[in-house]
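J.: coords below, sequence missing:
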Ligand SMILES: C[C@@](CO)(OP(=O)(O)O)[C@H](O)COP(=O)(O)OP(=O)(O)OC[C@H]1O[C@@H](n2ccc(N)nc2=O)[C@H](O)[C@@H]1O
Ligand SMILES: Nc1ncnc2c1ncn2[C@@H]1O[C@H](COP(=O)(O)OP(=O)(O)O)[C@@H](O)[C@H]1O
């Protein structure tokens with residue numbers, strides 16, 4: 001049995017620079033990962049099977065198009081043969097929420113497949129398969145704090161944020177990515193600032209915040225609620241939303257913040273975790 005974690009991704013900053021001819025957007029982003037996420041379990045079996053369990057299993061159908069089975073099939077086609085596998089996805093992250101759950105699941109499947117097939121994880125074919133699966137999958141395959149450019153696949157690792165406590169909050173509203181990009185106003189507000197990772201995070205922006213709020217105005221309430229927490233040193237929306245995060249210096253303040261959010265907004269999803 002292989003157990004492969006699929007950690008949630010955060011965009012600590014996300015600058016949208018321009019819309020490309022192919023419909024995708026050129027980004028400059030600071031990717032980070034947290035200590036919690038979905039979990040993929042795999043065991044060799046008589047035939048391929050896929051099931052989804054966990055708190056957000058209801059948001060997906062196991063028979064439908066899933067990034068896990070797409071990653072499995074792409075690996076078997078483009079990298080190396082795989083034995084029949086019984087795969088269980090423990091879906092703990094809200095679906096379509098800006099923290100890359102599906103991308104993290106696909107990346108976890110590729111890592112597990114590489115282990116099973118004795119392929120090294122820095123095999124360039126793995127990154128190529130990841131990029132074809134989705135813009136965030138290469139970053140999730142790397143799983144480390146990194147600057148991302150291009151569609152998100154041009155990655156440069158950066159150190160310096162591990163261990164910072166963070167609260168993630170989603171108002172339980174699914175926000176699909178494409179319509180958010182579709183509402184971006186086309187104005188280039190400038191590149192990521194220079195400096196170390198923390199300076200970039202704090203001085204940066206999320207250019208998808210305004211377009212995402214047009215689709216789900218409650219995101220504004222989430223940011224306001226996080227802004228009111230004592231000790232929050234960075235509050236922002238991640239990706240195309242609707243999940244927002246608050247970074248703290250002090251783990252006790254983080255715990256108190258998560259407690260306050262759960263008490264005031266019991267219908268919202270709230271995860272107390274840390275950057276890795
Ligand atoms: C916005 C980001 C920021 O990290 O995260 P999420 O909000 O999805 O977590 C990503 O760029 C999302 O990556 P991912 O979710 O893998 O997107 P993809 O499947 O590649 O693309 C979904 C759709 O989003 C739009 N898209 C995505 C990436 C990009 N650089 N430009 C785009 O315009 C396109 O309309 C595309 O059809
Ligand atoms: N394993 C998966 N987990 C989540 N979503 C998936 C998965 N496989 C396919 N999808 C599809 O991908 C879309 C984006 O999902 P997700 O990665 O959760 O969004 P985001 O990157 O915004 O957090 C969903 O609307 C869903 O239909």
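T.: Arrived safely, thanks for sending. Everything numeric here is computed off the predicted structure, so don't read it as measured data. Numbering: from 1, shown residues only. Ligands and ions are numbered 1, 2, ... in the order given.

J.: For the helix or strand where residue 50 lies, buried residues please.
T.: Using DSSP states H and E, residue 50 maps to strand 49-53. Neighbour counts using 16 or more other C-beta atoms under 10 Å place residue 52 of strand 49-53 among the buried residues. For every residue, glycine as well, the C-beta is placed using N, CA and C.

J.: For ligand 2, what is the nearest residue in the chain?
T.: residue 102 (2.8 Å; C-beta to the nearest ligand atom).

J.: Specify the local secondary structure of that residue.
T.: Judged by DSSP: H, G, I helix; E, B strand; the rest coil, the three-state class of residue 102 is helix.

J.: What lies in contact with the strand holding residue 50?
T.: Applying C-beta atoms under 8 Å, 6 or more residues apart in numbering, the set of residues contacting strand 49-53 from outside is 60, 62, 66, 68, 69, 85, 86, 87, 88, 89, 90, 91.

J.: Could you do stretch 155-165 as well?
T.: Contacts of stretch 155-165 (C-beta under 8 Å, 6+ apart): 12, 30-32, 138-139, 142, 144-149, 196-198, 201, 247-251, 253-255, 272-276.

J.: First-to-last residue distance for it?
T.: One end of stretch 155-165 sits 24 Å from the other (C-alpha to C-alpha, to the nearest Å).

J.: Then stretch 264-276?
T.: So stretch 264-276: terminal residues 28 Å apart, C-alpha to C-alpha.

J.: can you give me the offset of it from its chain's centre?
T.: Here the centre of mass of C-alpha atoms in stretch 264-276, compared against the chain's by C-alpha atoms, centre = their mean, to the nearest Å, lies 15 Å away.

J.: Same question for stretch 211-222.
T.: Stretch 211-222 has its C-alpha centroid displaced from the chain centroid by 18 Å (C-alpha atoms, centre = their mean).

J.: And the closest residue to residue 207 other than its chain neighbours, how close does it get to residue 236?
T.: Among residues not flanking residue 207 along the chain, residue 16 sits closest, at 4.2 Å (C-beta to C-beta, 6 or more residues apart in numbering). To residue 236, residue 16 is 14 Å away according to C-beta to C-beta, to the nearest Å.

J.: Same check on residue 74?
T.: In terms of C-beta to C-beta, residue 74 sits 32 Å off from residue 236.

J.: what does residue 101 give?
T.: 18 Å.

J.: ditto for residue 149
T.: 19 Å.

J.: Return the members of the contacts of stretch 155-165 classed as buried.
T.: For the contacts of stretch 155-165, a burial check counting by 16+ other C-beta under 10 Å picks out 12, 30-32, 138-139, 142, 145-149, 197-198, 201, 247-248, 253-254, 272-276.

J.: What about ligand 2: which of these touch it?
T.: Among the buried ones among the contacts of stretch 155-165, no residue is within reach of ligand 2 (C-beta under 6 Å from any ligand atom).

J.: From those, which land in helices?
T.: Among the buried ones among the contacts of stretch 155-165, the members falling in helices (DSSP state H) are 138, 139, 142, 197, 198, 201, 253, 254.

J.: Tabulate the residues you listed in JSON lines, adding columns for distance to residue 45.
T.: JSON lines is the format used below for these (distance: C-beta to C-beta, whole Å):
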{"residue": "138", "distance to residue 45": "29"}
{"residue": "139", "distance to residue 45": "30"}
{"residue": "142", "distance to residue 45": "29"}
{"residue": "197", "distance to residue 45": "42"}
{"residue": "198", "distance to residue 45": "45"}
{"residue": "201", "distance to residue 45": "43"}
{"residue": "253", "distance to residue 45": "46"}
{"residue": "254", "distance to residue 45": "41"}
